[in-house]
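1. Just to be clear, the model below is a prediction. Sequence and coordinates:
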Amino acid sequence: MSNTPGIAITGASGRMGQMLIGQVFANDRVRLVGAVERTGHPWVGQDVGVAMGGAALGVIVTDDAHAAIAPAQAVIDFTAPEATLGFAAIAAQAGTVHVIGTTGMTDAQIAQLEPASHQAVIVRAGNMSLGVNLLTQLTKRVAAALDEDFDIEIIEAHHNQKVDAPSGTALMLGEAAAEGRGVALADVSDRGRDGITGARKRGDIGFTAIRGGDIVGEHDVLFAAAGERITLRHVASDRAVFARGAIKAALWGQGKTPGQYDMLDVLGLND
Ligand SMILES: NC(=O)C1=CN([C@@H]2O[C@H](COP(=O)(O)OP(=O)(O)OC[C@H]3O[C@@H](n4cnc5c(N)ncnc54)[C@H](OP(=O)(O)O)[C@@H]3O)[C@@H](O)[C@H]2O)C=CC1
Ligand SMILES: O=C(O)C1=N[C@H](C(=O)O)C[C@H](O)C1
């Protein structure tokens, strides 16, 4: 039996699913052992490489998540909130590391991950790239250094198929800014301005979401005061940065104590 961790990918046909399959296959520190799609999806029963339009990879796409996850040491999951909760239960039962990239989860859904995290390692982050995770730390520092004379606005831009807003990354950056200021994001968050909104409230953290074309993911954290502005910016131009982060998380999670972790833990960026 190989010592190289086996990886199962959920949402195999998705933008991130396909990117992950390519990146896992190209990485000799991991091996692809499973690819999951929904019942009735045209890829089910096909070799995943062939379904993606290339050469056979020797892994057949299945709609049986239990069967795909059981032989895996990690499942990498970039799907949708309800699906992720189902995969968490299966990964917990199998004791498999669950790397969650899915965004748009409500607080109640995030709380539902708790029982699974007693049985398996969960690494969850709204953005798996090194750059964004570093940016959260920079945001926290700048927010701590500046007072409320600086209005904080988070502006994100994504492709026209994205279904959730603000993005998971924008929320991570908002949390970081709020932490830097020593406040709870829920108390200062200003989302979805429209109509006669009144003047901006001092201390609020504002969010704006742009959707268009094939934008992979762009995030600005703006600190705007009278007479000067600072912008911290991250631009993702290739989804490979998210997939490589997720693989790093899958490897990092091997042998760790069950619990909930994030990419700051994986990347050693916690201060
Ligand atoms: N954390 C990070 O670094 C990143 C996170 N993301 C997040 O990852 C998620 C996926 O993004 P993306 O790949 O662009 O989206 P896609 O819509 O391209 O892919 C989603 C995949 O999940 C599957 N899926 C959705 N719902 C279910 C369900 N209920 N049961 C089983 N499978 C399901 C879809 O299958 P079907 O086609 O049949 O619906 C599809 O294969 C999003 O939440 C996105 O925000 C994206 C990039 C980076
Ligand atoms: O849906 C996407 O595409 C992305 N989602 C993540 C998010 O919600 O922040 C990460 C990245 O920006 C791409």
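-> Noted; the coordinates are in hand. Ligands and ions are numbered 1, 2, ... in the order given.

2. For the residue located most distally from the centre of the chain, give its distance to ligand 2.
-> The centre of the chain is farthest from one residue, residue 227, which by CA atoms, centre = their mean lies 35.6 Å away. According to CB to the nearest ligand atom, to the nearest Å, residue 227 and ligand 2 sit 32 Å apart. Using the backbone N, CA and C atoms, a C-beta is placed for each residue, glycine as well.

3. Now do the same for that residue: its pLDDT.
-> Looking at residue 227, its pLDDT stands at 98.

4. Same question for residue 62.
-> Value for residue 62, per-residue pLDDT: 98.

5. same check, this time on residue 271
-> So, for residue 271, pLDDT stands at 79.

6. Spit out the contact partners of it.
-> residue 137 (CB atoms under 8 Å, 6 or more residues apart in numbering).

7. now swap in residue 233 and tell me
-> Residue 233 makes contact with 218, 219, 220, 221, according to CB under 8 Å, 6+ apart.

8. which of the residues you listed lies closest to ligand 1?
-> Checking those against ligand 1 with CB to the nearest ligand atom, the nearest one is residue 219 at 11.7 Å.

9. Where does that closest one sit: helix, strand or coil?
-> Following DSSP: H, G, I helix; E, B strand; the rest coil, residue 219 is assigned to strand.

10. Could you measure from the residue farthest from the centre of the chain over to residue 150?
-> Going from residue 227 to residue 150 by CB to CB, to the nearest Å gives 11 Å.

11. can you check residue 163 too?
-> Separation of residue 163 from residue 150 (CB to CB): 32 Å.

12. next one: stretch 235-252 to chain centre, how far?
-> In terms of CA atoms, centre = their mean, to the nearest Å, the centre of stretch 235-252 is found 9 Å from the chain centre.

13. and if you look at stretch 139-157?
-> That offset, for stretch 139-157, works out to 22 Å (CA atoms, centre = their mean).

14. which parts of that stretch are buried?
-> For stretch 139-157, the neighbour count (16 or more other CB atoms under 10 Å) marks 139-140, 142-143, 146, 150-157 as buried.

15. ok, residue 177 to residue 203 distance?
-> 11 Å.
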